[in-house]
Structures are given as structure tokens and as C-alpha cells.
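Engineer: Below are the sequence and a predicted model; questions follow.
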There are 2 protein chains.
Amino acid sequence: MSEKGLLVVFSGPSGAGKDTVLKRLMEKEPGIRLSVSATTRAPREGETDGKDYHFLTRAHFDELVANDKMLEHAEYCGNCYGTPSEPIEKWQAEGCDVILEIEVQGGAQIKAKRPDCVSIFVLPPSLEVLENRLRRRGTESEEAIQKRLGAAKAEIAKAVLYDYIIVNDDLETAVDEMAGLLRAEKRRASRNQEFIERML
Amino acid sequence: MSEKGLLVVFSGPSGAGKDTVLKRLMEKEPGIRLSVSATTRAPREGETDGKDYHFLTRAHFDELVANDKMLEHAEYCGNCYGTPSEPIEKWQAEGCDVILEIEVQGGAQIKAKRPDCVSIFVLPPSLEVLENRLRRRGTESEEAIQKRLGAAKAEIAKAVLYDYIIVNDDLETAVDEMAGLLRAEKRRASRNQEFIERML
């Protein structure tokens, strides 16, 4: 069977619990790595280079883009953000699955560039639950909450473009489902053509 | 999430252990049904109508074909064989996954007619193991074994056309993998469009 790790695009609206799912998944499945984004913005206090972000100069960032070594990139408030491909490919070659937490638009860029990637969208059990979760954080104004909810609906409408959806109702169930999806994807015939040829 | 059962095309060469995998899978997963073929040949001693085959008159068989109620069909030694669609659709509507054990050509016909089906190809661990398994049956001449091996190679070459492959080395592992594939397929976004729309 194929020994190469998967590239996984992982998206979902704010409040669906993406970070919690990933944290628990990585505790349970040691062969998983999280892709680290690159940025040209300055590190904030407490941020570590290579962990929170790869902090790059603008020249270095532009060079990676020019050499097709960014899977996707965008400019936001005068700073560049992107996904360097080299660390991902290295991990995949080592047999690790690499998860890329990214919003829907970036996810579509990756899918176009790497059609072999697996895309997973995490949903809340319902919009009511999502609203409650956002409210319970207690850090945001009513206006901000309504804005987030509107953005969440627009994102959820794009979930059909993903390969898989999982519903984060019970955390352990969601995490086990996600691990199961990754195992199943490794059994895809399209990922095992070499294995079949070797057998013959 | 989608409540509809899956239609599963299940193929593999003679000696790969298809029947053993299905028998054990059905013991572990009560929601699975096996599709029963229809035939115009006469029942043999000990065969039960509706269990071994649906035994049909030629007129009845032709009527099902004419009304597009056969997912695939073929004539062999003057007898017709086919897969009636109605029992499959009924089971799927009840939430059962329906498995159709079929050779590669029939599998391709089904995939063309029902692109939503999941196709799984079961492989032996190696051609050597396959040969040993065929030999251990002890019921066939050397010539028959070589013929079966040749046919197996031709079939295995078609495994790339399937959605998934599983390797039947350890039976329990193979069965668990197959159950996992079916669970994962139910999380496909394409099978859950209604669920996403309802949420919005």
C-alpha cells in the first residue's frame, strides 16, 4: 500500500471547533503534522518562528511565489500570507499526513494545484449551536456575532465543494470519523497504482 | 447526515477471499445486505429462490430489462443473468448498504448506470499467496490453476478502475478496513447536499 502521507485541506466556520478537533486528532494519531503558514508580517510577542508562522522577508516570500513554492498565497492589510510547499512535501514523503487549516478560498486554490489533496469541511450540529458557541465565548459584541454568523452561513454553503463533511457534535466521534476518513483515503485505488503494478 | 444506504460493487480475483470477507463483514455489520442475482436457468438441487438467485422465466427477465429494471445483465451458455434494481433500491431507502459481488465487466456496467456506487476491489497479499490458496483447494488440475491465475492477473490489472482496494492478508483487518470505507463514504459531501441545505 501507498506509504506517502496525505495532504488534507481542513476548513469550517468559526465556532465549528476546528482547532479542538485538530488538537485531539494529533493526540490520538501521532503521524499527523500541521502545516505552518508563512507571513511577511512581524512576529507578535510570544510567537515562535516555524511554529506559529514561518516569518519571512518580503523578498524571500516573493522568491518562493516566483519559484512556484507556495501552494496558495494572499495579501491582507499590506502583509503577505501563504502556504510553503516544501515542508509539506517533505512530511508527506516521510509518510506523515499534513493538515492545512485554511479558509474556503485558500482551500480552493490548494485543490486546484494539488488535486490529490483530501478536503474536509467541519460543520457545527446546527446554526443554533454555532450561535450559542459564538455567544458563549462572551468576547464579542452582538454586531460582531451577527457578522460571524453571516460569514459562517456563506462558508457552510461552500461545504458541498469539499470531499467530506464531518459534524462536530460529540468531539470524540468527530475526531474518530476524521481519522477514519484519512485511513479510507489511503485505500483509494488512485493512490495505489504502483502497488497494483508491483503485484503484477 | 444521509440516511440512505450505499450501493457497493465488490470484485476481486478467485482466491482473494471475497466470500470470506463478506461473510465476516455481515456478521459484524448488521445493516448490510447482499444483492441477489436473477437468472433464467433452472434451480439446482438445494438452491432457494430469492436466496441463491431470483429464478425468473425468460419473459419476466426480458420485461425487467425492457423496463430498465436490471442494473446489468449478460447471457452465458444460453441462460440470462442479471442484477434487478428494485430490491437494491428498497434496501438502500431503508438505510441498508447493499453489496453486489460481481466480476469486473459487470462492475463497470453498474458504475456507468449508478455513478454514486462505491466500488471496492479485494486483492490477495501477492500473486504467490493467490497461487498457494488456489492450489490448497486441491480440487483443480494444474491447467485449471494456471488458467485461473492468468484470469486473476487480467482482473487485478483492472483494480485501478475501482474506487478503493483492500488487501486480504489478515481477514479481520480487511473486514475492518472495508467497514471503515463504507463509513467514510457516508461522509462524502456529495452524499450530504440535502443535509447542508437543511442546515442553512
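Structural biologist: Sure thing, it's come through. Residues are numbered from 1 along each chain as shown, chains lettered A, B, ... in the order given.
Engineer: In terms of helices and strands, where is the residue in chain A that chain B sits nearest to?
Structural biologist: Using CB to the nearest CB, the single residue of chain A nearest to chain B is residue A:184, 3.5 Å away. In this view, the C-beta of every residue, glycine as well, is placed from N, C-alpha and C. Assigned by DSSP states H and E, residue A:184 belongs to helix A:171-185.
Engineer: Packing partners of that helix?
Structural biologist: Secondary-structure packing of helix A:171-185 (3 or more CB pairs under 8 Å, 6 or more residues apart in numbering or on different chains; DSSP states H and E): helix A:18-28, strand A:118-123, strand A:164-167, helix B:171-185.
Engineer: With just CA atoms, put it into PDB.
Structural biologist: Extracted as PDB, the C-alpha positions of helix A:171-185 are listed here (Å, rounded to 0.1, in the frame of the first residue of the first chain):
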ATOM      1  CA  LEU A 171     -15.800  15.700  19.900                       C
ATOM      2  CA  GLU A 172     -14.500  12.100  20.100                       C
ATOM      3  CA  THR A 173     -16.900  11.000  17.400                       C
ATOM      4  CA  ALA A 174     -15.800  13.800  15.100                       C
ATOM      5  CA  VAL A 175     -12.100  13.000  15.700                       C
ATOM      6  CA  ASP A 176     -12.600   9.300  15.100                       C
ATOM      7  CA  GLU A 177     -14.500  10.000  12.000                       C
ATOM      8  CA  MET A 178     -11.800  12.200  10.700                       C
ATOM      9  CA  ALA A 179      -9.100   9.600  11.400                       C
ATOM     10  CA  GLY A 180     -11.300   7.000   9.600                       C
ATOM     11  CA  LEU A 181     -11.600   9.300   6.600                       C
ATOM     12  CA  LEU A 182      -7.800   9.500   6.300                       C
ATOM     13  CA  ARG A 183      -7.400   5.800   6.700                       C
ATOM     14  CA  ALA A 184     -10.000   5.200   4.000                       C
ATOM     15  CA  GLU A 185      -8.400   7.700   1.600                       C
END
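Engineer: ok now the next helix or strand after it, how far from the chain's centre?
Structural biologist: Following helix A:171-185 in sequence order, the next helix or strand is helix A:193-199 (DSSP H and E). Taking CA atoms, centre = their mean, to the nearest Å, one finds the center of helix A:193-199 at 30 Å from the center of the full chain.
Engineer: Next: stretch A:165-181.
Structural biologist: 15 Å.
Engineer: List the contacts of the worst-scoring helix or strand of chain A on mean pLDDT.
Structural biologist: Ranked by mean pLDDT, DSSP states H and E, the weakest helix or strand in chain A is helix A:127-137, scoring a mean of 89. By CB atoms under 8 Å, 6 or more residues apart in numbering or on different chains, the surrounding residues in contact with helix A:127-137 are A:13-17, A:124, A:140, A:145, A:148-149, A:152-153, A:169, B:199-200.
Engineer: can you tell me which of those lies nearest to residue A:63?
Structural biologist: Taking CB to CB as the measure, residue A:63 lies nearest residue A:14 of these, at 32.7 Å.
Engineer: neighbours around the closest one, how many?
Structural biologist: 17 (other CB atoms under 10 Å in any protein chain shown).
Engineer: Kindly report the same for residue A:165.
Structural biologist: 27.
Engineer: Over to residue A:130?
Structural biologist: When neighbours are counted by other CB under 10 Å, residue A:130 registers 25.
Engineer: Residue A:19 versus that one, what's the distance?
Structural biologist: 15 Å (CB to CB, to the nearest Å).
Engineer: Output the helices and strands packed on helix A:171-185 as JSON lines; include the columns mean pLDDT.
Structural biologist: As requested, the helices and strands packed on helix A:171-185 are exported to JSON lines (pLDDT from 0 to 100):
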{"stretch": "helix A:18-28", "mean pLDDT": "96"}
{"stretch": "strand A:118-123", "mean pLDDT": "98"}
{"stretch": "strand A:164-167", "mean pLDDT": "97"}
{"stretch": "helix B:171-185", "mean pLDDT": "97"}
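Engineer: Would you mind listing what in chain A touches chain B?
Structural biologist: For chain A, the residues in contact with chain B (CB under 8 Å from any CB of the partner chain) are A:1, A:121, A:123, A:126-127, A:153, A:156-157, A:159-167, A:177, A:180-181, A:183-185, A:187-190, A:192-193, A:195-196, A:199-200.
Engineer: Return the least confident helix or strand of chain A as PDB; C-alpha atoms alone will do.
Structural biologist: Extracted in PDB, the C-alpha atoms of helix A:127-137 (Å, rounded to 0.1, in the frame of the first residue of the first chain):
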ATOM      1  CA  LEU A 127     -26.700  27.000  13.200                       C
ATOM      2  CA  GLU A 128     -28.300  27.400  16.700                       C
ATOM      3  CA  VAL A 129     -25.500  25.500  18.300                       C
ATOM      4  CA  LEU A 130     -23.000  27.600  16.300                       C
ATOM      5  CA  GLU A 131     -24.600  30.800  17.500                       C
ATOM      6  CA  ASN A 132     -24.600  29.600  21.100                       C
ATOM      7  CA  ARG A 133     -20.900  28.700  20.900                       C
ATOM      8  CA  LEU A 134     -20.000  32.100  19.500                       C
ATOM      9  CA  ARG A 135     -22.100  33.800  22.200                       C
ATOM     10  CA  ARG A 136     -20.600  31.700  25.000                       C
ATOM     11  CA  ARG A 137     -17.100  33.000  24.100                       C
END
